[in-house]
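Student: got a predicted structure here, sequence first:
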Amino acid sequence: DYSAMESRQSDARNKVIAPVFKRLGIIDQWGNGLKMVAEEMKSYPEIDLCWKEVGLSFQVQFIKKNYQENINMEDSADNERRPAQYTTQHTTQSTTQYTTQKLTEAQNMILSYLREHPEATRADLNSHIEGITVDGIKYNLARLQELGLLKRVGSKRYGYWVVLGENNMDFRTQIELPVGLPPITHAGQILMMGSCFVQNVGNFLKDAKFQLDLNPFGILYNPSSLSAVLIEILKRKVYKKGDLFFHNDLWHSPMHHGLFSGPTLESTLQNINIRLLQVHQAMQKLDWLMLTFGTAYVYEQKETGKVVSNCHKLPENKFNRRLLSVEEIVEDYTALITEMAARNPELKWLFTVSPIRHIRDGMHANQLSKSTLLLAIDRLQQLFPERVFYFPSYEIILDELRDYRFYADDMLHPSPLAIRYLWERFSETFFSSETKQVIVAVQDIRRDLAHKPFHPESEAYQRFLGQIVLKIERLIGKYPYLDFQKETELCHMRLNP
């Protein structure tokens, strides 16, 4: 639409060179160049002129009108004699080969780097690929996506790149997320318990200022231990000396993680009971109870027959190890869900299965264990369709991210990139657009506070801190349940050193 150009001055892409070239008479700064080209092209009716803006540049194409027609005429006789499958393969291969040959050196370098580093950012590409600017990186990424050679999975912040195969195939099984689940908001109270996997996701929720109590007994792995400690929370159990044992110079609780172990009986009991009282008081107000099962294998004390949460390196001959049945888990949690529903009718349960493989059990035994957990959760969903929900973290890691580059060095735990991607998928499932906006605002404040100035005493930095305080006050004014006490105190401490 050249008439649109005449209504305003064209956008000079290089603000320094354009005025100089204008004075030298080399260019016309008013955007008549394309009009002149179009006028000249009238002398060549067999060629079409097309142009479009792409990123920070624009493309001009000269297309011969009868070029495709000639190809079709030449191939038509052969195509009639060839099977449709051959024709499709031939066309795909030809197109792919043509596209690959037309890639620039920079684009090939970008694809090569992203194959090995799918989590790379634009800044990473810019620092590892010489001879290309940040704007060039941005343009070439967009171009490669247009060509169908590159795909972005997830968000800009937590996603990753997928380099597509020569036949434009994406060798990845994308898990369908559950729909219609109740939303999770900052106003709700959340209790999360289970394996170290729930600890990772819970840390994201805590950083985003959700009202969260995370693993009040420490990391627990099996469903039986989790149900036992939930009953202790409900009944407000008070731990005494007889509930602990002394081993390797520390006092331990068989129902708690080693983080609660201590050198003295008094301090250990105090830490356990204070934490238990805190979570007991919050139980009546809970909106969500999120549990992550790690394994269906349990260790029972031979003397008491009780399932323990942690053996604390006691001799193995003091325990019997066995696999829970689906029926045991379902019976246990049916009673628990029913009792808690009577106390808190609004409570919703979210179950997940940890994708971390327990290779000590053996690969086959690990599969049996995970299958038992999945079957039990599915049965509970059928029994309590309005209360019990499931998030497919296990499937996302093992199927959608079926590649060892998404695992840590031990090849068992998900890598930080995989955890961030899982958080992104969790956000897609449970967060409204308003909740996501609050998370972004919280992240902005955290990023501002992490800034390390060269001159902390400067007036500019003092104004910067003042702006952070204003951001916090505005956010709390709209969402009074957000806890920014530590951040506010830090700002005032830096303002008044």
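Tutor: All right, it came through fine. Numbering: from 1, shown residues only.
Student: ok now do Leu103, which residues does it touch?
Tutor: Residues in contact with Leu103 (Cβ atoms under 8 Å, 6 or more residues apart in numbering) are 111, 147, 149. Any C-beta I mention is one placed from the backbone N, CA and C, and that applies to glycine too.
Student: how does it look with 7 Å?
Tutor: If you count contacts by Cβ atoms under 7 Å, 6 or more residues apart in numbering, Leu103 has none.
Student: got phi/psi on it?
Tutor: The phi/psi pair for Leu103 (degrees, to the nearest 10) reads phi -70, psi 140.
Student: mind checking how far it is from Leu144?
Tutor: From Leu103 over to Leu144 the distance is 8 Å, taken as Cβ to Cβ, to the nearest Å.
Student: now the residue most central in space within the chain, nearest residue through space, not along the chain?
Tutor: Centroid-nearest residue in the chain: Tyr421, 2.4 Å away (criterion: Cα atoms, centre = their mean). Leaving aside its chain neighbours, Tyr421 sits nearest to Gly154 (5.4 Å; criterion: Cβ to Cβ, 6 or more residues apart in numbering).
Student: that neighbour reaches Leu422, doesn't it?
Tutor: No: in this structure Gly154 lies outside contact range of Leu422 using Cβ atoms under 7 Å: 9.8 Å.
Student: just to revisit the earlier point, tell me the spacing between the residue nearest to the centre of the chain and Phe406.
Tutor: In terms of Cβ to Cβ, Tyr421 sits 8 Å off from Phe406.
Student: just Glu266 next, same as before
Tutor: Distance check for Glu266 against Phe406: by Cβ to Cβ, it reads 45 Å.
Student: likewise for Ile175?
Tutor: Distance from Ile175 to Phe406, by Cβ to Cβ: 14 Å.
Student: more neighbours: those two, which one.
Tutor: Phe406 (20 against 17; other Cβ atoms under 10 Å).
Student: wait, isn't that one in contact with Pro414?
Tutor: Yes: shown here, Phe406 and Pro414 form a contact pair, counting by Cβ under 7 Å, at 6.4 Å.
Student: so which strand or helix has Leu465?
Tutor: Leu465 is located in helix 459-478, with elements delineated by DSSP states H and E.
Student: show me what that helix is packed against.
Tutor: If contacts are counted by 3 or more Cβ pairs under 7 Å, 6 or more residues apart in numbering; DSSP states H and E, helix 459-478 sits against helix 433-450, helix 485-495.
Student: what are the buried residues along it?
Tutor: 461, 464-465, 468-469, 471-472, 475 (16 or more other Cβ atoms under 10 Å).
Student: same check on stretch 194-209?
Tutor: 194-202, 204-206, 208-209.
Student: what's the most distant pair in those residues?
Tutor: Taking every pair in the buried residues of stretch 194-209 and measuring Cβ to Cβ, the maximum separation is 23.8 Å, between Ser195 and Lys209.
Student: which element is the residue nearest to the centre of the chain on?
Tutor: Element membership of Tyr421 [criterion: DSSP H and E] is helix 416-430.
Student: so where is the stretch 1-150 of the chain shaky, pLDDT-wise?
Tutor: The stretch 1-150 of the chain contains residues with pLDDT under 70 at 1-32, 52-58, 66-101.
Student: touching the host helix or strand of Gln270 from outside, list them.
Tutor: Using DSSP H and E, Gln270 sits in helix 265-283. Identification of contacts with helix 265-283 by Cβ under 7 Å, 6+ apart yields 189, 191, 213, 216, 233-234, 236-239, 241, 244, 251, 253, 256, 260-262.
Student: return the subset of the residues you listed lying in helices.
Tutor: Residues of those located in helices (DSSP state H): 233-234.
Student: which among the contacts of helix 265-283 count as buried?
Tutor: Buried, going by 16+ other Cβ under 10 Å: 189, 191, 213, 216, 233, 237, 239, 244, 251, 253, 256, 260-262, out of those.
Student: pull the most distant pair out of the residues you listed.
Tutor: Spatially, the most separated pair among the buried ones among the contacts of helix 265-283 is Gln189 and Trp251, at 31.3 Å (Cβ to Cβ).
Student: just to revisit the earlier point, for the helix holding Gln270, which residues meet the burial criterion?
Tutor: Of all the residues in helix 265-283, those buried under the rule 16+ other Cβ under 10 Å are 268-269, 271-272, 275-276, 279-280, 282-283.
Student: how about stretch 128-139?
Tutor: Neighbour counts over stretch 128-139 (16+ other Cβ under 10 Å) mark 129, 132, 136-137, 139 as buried.
Student: what is the most widely separated pair among those residues?
Tutor: Farthest pair in these (Cβ to Cβ) is Ile129 and Tyr139. Separation: 13.2 Å.
Student: close enough to count as contact, Ser224 and Val307?
Tutor: Yes: between Ser224 and Val307 a contact is recorded at 4.5 Å, counting by Cβ under 7 Å.
Student: ok so, going back, off-centre distance for the helix holding Leu465?
Tutor: Relative to the centre of its chain, helix 459-478 is centred 29 Å away, using Cα atoms, centre = their mean, to the nearest Å.
Student: send the alpha carbons of stretch 479-486 over as PDB?
Tutor: Taking C-alpha atoms only, stretch 479-486 is exported to PDB below (Å, rounded to 0.1, in the frame of the first residue of the first chain):
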ATOM      1  CA  TYR A 479      -3.600  -8.100  47.200                       C
ATOM      2  CA  PRO A 480      -3.300  -7.700  51.000                       C
ATOM      3  CA  TYR A 481      -2.500 -11.300  51.600                       C
ATOM      4  CA  LEU A 482       0.900 -11.100  49.900                       C
ATOM      5  CA  ASP A 483       3.700 -11.200  52.300                       C
ATOM      6  CA  PHE A 484       6.500  -8.800  51.500                       C
ATOM      7  CA  GLN A 485       7.800  -8.200  55.000                       C
ATOM      8  CA  LYS A 486      11.300  -9.300  54.300                       C
END
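Student: list the contacts of it.
Tutor: Residues outside stretch 479-486 that contact it (Cβ under 7 Å, 6+ apart) are 186-187, 209, 211, 438, 472, 475-476.
Student: could I get those as TSV with distance to Gln381 and pLDDT?
Tutor: Listed next are the contacts of stretch 479-486 as TSV, based on distance: Cβ to Cβ, whole Å; pLDDT from 0 to 100:
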residue	distance to Gln381	pLDDT
His186	26	97
Ala187	25	97
Lys209	30	97
Gln211	26	97
Val438	29	95
Ile472	40	95
Leu475	36	95
Ile476	37	95
